[in-house]
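Undergrad: Sequence and computational prediction follow.
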Amino acid sequence: VSLVACCCQAGYLVLSKRAQEQVEGMNPNNLLYFTAVIVGIIFLPFAAFEILNTTEDPEAETVVSWSVLVAYIACGAALNYSIFLCTTVNSPLATGVAGNM
């Protein structure tokens, strides 16, 4: 699973760097916006399915569990933004190597 995740991340980094260099008027903010929209469209059905399964558990309806879920979402968003920012400043290879260390 980790090999597939690394390959997908490497593909994402290379494609985002190419898009930034080849598309006229594509600044990092536009690219980040389009990436967020596409990822939202792809993963929203999976997230909805998981949230529906989570709400069926009576222990999951506590404030603590929802706080942990929000914290996980915030950490994931911060990690995605930092990877994206590192790719726009450096090369995708540098980001991949630094991320795996």
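TA: That came through fine. Since this is a predicted model, take the numbers as computed values, not measurements.
Undergrad: ok, residue 55 - contacts?
TA: By C-beta atoms under 8 Å, 6 or more residues apart in numbering, residue 55 lies in contact with residue 61. Where you see a C-beta, it was placed from the backbone N, CA and C, and this is true even at glycine.
Undergrad: For residue 89, see how far away it is.
TA: 40 Å (C-beta to C-beta, to the nearest Å).
Undergrad: And the helices in this structure, which stretches?
TA: For the chain, applying DSSP state H gives helices covering 2-22, 28-55, 63-89, 92-100.
Undergrad: May I have the first one as CSV, with CA atoms only?
TA: What follows is helix 2-22, C-alpha atoms only, in CSV (Å, rounded to 0.1, in the frame of the first residue of the first chain):
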residue,chain,number,x,y,z
SER,A,2,2.8,2.4,0.8
LEU,A,3,4.4,1.8,-2.6
VAL,A,4,1.2,2.7,-4.3
ALA,A,5,0.8,5.8,-2.1
CYS,A,6,4.4,6.9,-3.0
CYS,A,7,3.8,6.4,-6.7
CYS,A,8,0.5,8.4,-6.6
GLN,A,9,2.2,11.2,-4.6
ALA,A,10,5.1,11.3,-7.1
GLY,A,11,2.7,11.5,-10.0
TYR,A,12,0.7,14.3,-8.3
LEU,A,13,3.9,16.3,-7.6
VAL,A,14,5.2,16.0,-11.2
LEU,A,15,1.9,16.8,-12.8
SER,A,16,1.3,19.8,-10.5
LYS,A,17,4.8,21.2,-11.3
ARG,A,18,4.3,20.6,-15.0
ALA,A,19,0.9,22.4,-14.9
GLN,A,20,2.4,25.3,-13.1
GLU,A,21,5.2,25.6,-15.7
GLN,A,22,3.2,25.0,-18.9
